[in-house]
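>>> the following block contains a protein sequence and its predicted model.
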Amino acid sequence: MATKSATKPAAKSNLKSVPAAEGEAAPEAKKKKPLLLIAIVVVVLLAAGGGAGWYFLGNKPPAAAGKDAKAAPPKEAAKPPVFVTLEPFTVNLAGGEHYLQLGVVLQVADEETAEAVKTHLPQVRNALLLLLSSKTPADLESIEGKQKLAGEILNDTRAPVGEASAKNVQSVLFASFVVQ
């Protein structure tokens with residue numbers, strides 16, 4: 001019996017000393033985990049901030065961005081577009097059974113060109129009425145037909161306004177387009 005009781009207390013004392021040794025190491029590991037976590041979070045935040053700065057500064061280092069800004073002349077403020085709205089057109093299409101009701105808006109480069117178009121408006125309207133009355137419903141059904149018509153209207157609008165202003169008539173926009 002003595003041998004049994006002697007081994008048990010020794011085993012207990014060995015077991016008690018082992019957790020005590022592990023217990024001492026455990027608080028040090030617990031102290032290191034929050035520090036490691038904080039260090040990782042700080043590194044990730046710094047990397048994200050640096051990446052965001054690089055992206056928003058135009059992918060240039062700050063010194064290069066400052067040099068380019070000084071070397072480049074300031075851009076002019078973007079001018080708002082100028083539009084000339086023509087009165088709606090109602091014409092009989094070729095064949096006489098259908099008609100076209102069309103609203104046209106011209107985009108021009110500047111106010112001077114807008115005034116040139118307005119000055120020549122009777123000639124512009126005459127050219128467009130002749131053009132529109134020559135079309136058939138089949139010519140105007142598809143998108144391609146409408147785009148072709150816009151190109152033809154652009155050419156017919158540029159002719160009466162003169163050489164200087166013709167290049168400043170930029171595009172034709174349809175405000176309404178009804179074929180019946």
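Ah, there it is.

>>> how about the helices in the protein?
Along the chain, counting by DSSP state H, helices occupy 2-56, 62-71, 111-119, 121-133, 137-141, 143-161, 163-166.

>>> least confident of those, on average?
When the helices of the chain are compared by mean pLDDT, helix 62-71 comes last with a mean of 54.

>>> which residues touch Phe83?
By CB atoms under 8 Å, 6 or more residues apart in numbering, Phe83 lies in contact with 105-108, 173. For every residue, glycine as well, the C-beta is placed using N, CA and C.

>>> which of the residues you listed lies closest to Val42?
Gln107 (54.5 Å; CB to CB).

>>> residues contacting that closest one?
With CB under 8 Å, 6+ apart, Gln107 has these contacts: 81-83, 169-173.

>>> now rank the residues you listed by neighbours and give me the top one.
Counting neighbours by other CB atoms under 10 Å, Val169 leads these with 24 neighbours.

>>> so what's it bridging to?
Bridge pairing for Val169 (DSSP bridges) gives the partners Val108.

>>> isn't it right up against Ile153?
No. Contact criterion CB atoms under 8 Å: Val169 and Ile153 do not qualify, at 9.9 Å.

>>> burial count for Phe89?
Burial of Phe89 is recorded as 19 neighbouring residues (other CB under 10 Å).

>>> quick check: the gap between Ser133 and Leu140.
Note on Ser133: its distance to Leu140, by CB to CB, to the nearest Å, is 12 Å.

>>> contacting residues around Leu131?
By CB under 8 Å, 6+ apart, the contact set of Leu131 is 149, 152-153, 156.

>>> for those, which single residue is the most surrounded?
Ile153 (24 neighbours).

>>> list the residues that contact the residue lying closest to that residue once chain neighbours are set aside.
Nearest in space to Ile153, with sequence neighbours left out and distances taken as CB to CB, 6 or more residues apart in numbering, is Val172 at 4.7 Å. Under the criterion of CB under 8 Å, 6+ apart, the neighbours of Val172 are 104-107, 150-151, 153-154, 157.
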